[in-house]
Structures are given as structure tokens and as C-alpha cells.
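Engineer: Give the three-dimensional model of this entry:
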Amino acid sequence: MTNQPFTPPLVLLVDDIPDLLFAFALHLEQFEGMRVITAKDGLDGLERFFEVHPDCVVIDVKMPQLDGYQLTRALRGDPASAHIPLIMLTAMTQDHDRKIGLASGIDRYVAKPVKPSELAAIIRDVLRISAAERDQHLRQLAQDEEQSH
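Structural biologist: Below you'll find the predicted structure:
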């Protein structure tokens, strides 16, 4: 049995609020040992995703260029990114917003404000979800959507 070196997860943070990106990135890197890449909006996030191929993406909803729902659907619709854990981090906390987020294929819907340490725990949690479990979850969402129409 060979021991492979541990590689910290690479997290892509997508939000249009620079101070928030800075604070979360600093905490995740300095205190949680994660590697972090940031993007200033949904379009930038999509481009950055395919440049760096992160292990997890944290996405805000309300952003210019491409909103969080559109970014999520784009990532879930591409076989190269469909299996990646996605977390929606947003101030939009109504049930309707949560349902839209979950229907778009995210793994977790997290309301702002959230402590950086709590976000780190959520990231670790979604990284434990297997591709098969994620696929089953997405199939169930699609089935639920079909039955509601």
C-alpha cells in the first residue's frame, strides 16, 4: 500500500462582493488548510472552473453576467463538471429561492450570513458525497420536476 500525499481541496468561491470573497478565502486558506480560487461573477466563475477544475464550488445567487442558478445549471449540464459539489451561499432565504436552488442541482443551500468555519464544515461535508449519490440526487430532482408539471 502506498501512501499518497494529502492534497487540500481546491475551492472556487463565486461572489460579486470582493470583501466577502477576501474574508472567506483568507479563512479557508489560513485556518482550514484549503486552496481557494475566487471569481467576481457567474461568467468569471464558469471560466475559472474550466481553468482550474476545483473540487468544490461555492456560488452566490445574485450576480451580474450569469446568476448563481444559471451557473449551477451550466455546471450540472456539462459532463466535465456535473459531478462537482456545488454549494449555494446566498442572502435569498425564502422557501421559493431554496426550491429553485435545489432544483438547479446544488448540494447545499446556505443562508448568509454564515461563519467561515461553518462554511468550511459544509464544504467538507459535500466533498464526502460520492458521484453515485450526487447522480441519484439529481435524478430524483428531475423526476420530482417532471411529476410537478
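Engineer: Check which helices and strands the helix or strand hosting residue 45 sits against.
Structural biologist: Here residue 45 sits within helix 42-52, counting by DSSP states H and E. Packing contacts for helix 42-52, counted by 3 or more CB pairs under 8 Å, 6 or more residues apart in numbering; DSSP states H and E, involve strand 10-14, strand 35-39, strand 56-59, helix 68-76. Where C-beta positions appear, they are placed from N, C-alpha and C, glycine not excepted.
Engineer: ok, now with 6 Å
Structural biologist: Here helix 42-52 touches strand 35-39, helix 68-76, going by 3 or more CB pairs under 6 Å, 6 or more residues apart in numbering; DSSP states H and E.
Engineer: Just name the most buried of the ones you listed.
Structural biologist: Across the helices and strands packed on helix 42-52, the average number of neighbours (mean count of other CB atoms under 10 Å) peaks for helix 68-76, which reaches a mean of 21.
Engineer: residues in contact with that helix?
Structural biologist: 42, 45-46, 59-61, 81-82, 86, 88, 104-106 (CB atoms under 6 Å, 6 or more residues apart in numbering).
Engineer: before we move on, the earlier item: can you pull the buried residues of the helix holding residue 45?
Structural biologist: By 16 or more other CB atoms under 10 Å, the buried positions in helix 42-52 come out as 42, 43, 44, 45, 46, 48, 49.
Engineer: Buried residues, the helix or strand bottoming out on mean pLDDT in the chain. List them.
Structural biologist: The weakest-scoring helix or strand in the chain, judged by mean pLDDT, DSSP states H and E, is helix 131-148 (a mean of 73). Neighbour counts over helix 131-148 (16+ other CB under 10 Å) mark 134, 141 as buried.
Engineer: quick one: low-confidence ranges for the chain?
Structural biologist: 1-5, 142, 145, 149 (pLDDT under 70).
Engineer: if we go to 50?
Structural biologist: 1 (pLDDT under 50).
Engineer: For stretch 45-54, give me every contacting residue.
Structural biologist: 10, 11, 12, 14, 37, 39, 71, 74.
Engineer: hmm, 8 Å instead?
Structural biologist: Stretch 45-54 is contacted by residues 9-12, 14, 37-39, 57, 59, 66, 71, 74-75, 80-81, 84 when judged by CB atoms under 8 Å, 6 or more residues apart in numbering.
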